[in-house]
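K.L.:
show me the folded form of this:
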Amino acid sequence: PAVSQGNRKKEDEFEFNKDAGMYVCKAGHMAIRKARQGTKDVAKNQVDTYYFDIEKCKVCPCKEGCYKPGAKSKSYSVSIKSDEHSEQAKFQETDYFKEKSKERYK
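P.N.:
You can find the predicted model right below:
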């Protein structure tokens, strides 16, 4: 399910800035650092984690529901799809899959 439907429901909170290659929060603050976590070619997907400046979050007018008092850092993680997941996503876009998914399981 995480591959086919995705698992992120709050896409409106962060936007990707292509020029800087960083995410921007809804208040307009850009991430200060990007790190890739996880190892290559292992069963788990790698994750790009974007870190935000916590000092800006403390005085931000949009901190309600975004910043927890006493937090030492704020981050936003995006999973990088593996080859298998990318192939599955492409397959689910085909007409064959769409036609077969309409039939009830027998």
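
K.L.:
so for the longest helix belonging to the chain, what's the average pLDDT?
P.N.:
The single longest helix within the chain, with elements called by DSSP state H, is helix 83-92. For helix 83-92, mean pLDDT rounds to 80.

K.L.:
so how far is Thr49 from Pro69?
P.N.:
Counting by Cβ to Cβ, to the nearest Å, the gap from Pro69 to Thr49 is 22 Å. C-beta coordinates here come from the backbone N, C-alpha and C atoms, glycine included.

K.L.:
of these two, who's got more company?
P.N.:
For Pro69 versus Thr49, the count of surrounding residues by other Cβ atoms under 10 Å is larger for Thr49: 15 against 6.

K.L.:
remind me which helix or strand the more buried one belongs to.
P.N.:
For Thr49, the host element (DSSP states H and E) is strand 47-52.

K.L.:
what pLDDT does the closest residue to Ala20 other than its chain neighbours get?
P.N.:
Among residues not flanking Ala20 along the chain, Met30 sits closest, at 6.3 Å (Cβ to Cβ, 6 or more residues apart in numbering). You'll see Met30 listed with a pLDDT of 89.

K.L.:
now swap in Gly6 and tell me
P.N.:
57.

K.L.:
residue closest to the middle of the chain?
P.N.:
Residue closest to the average C-alpha location in the chain (Cα atoms, centre = their mean): Val78, at 3.1 Å.
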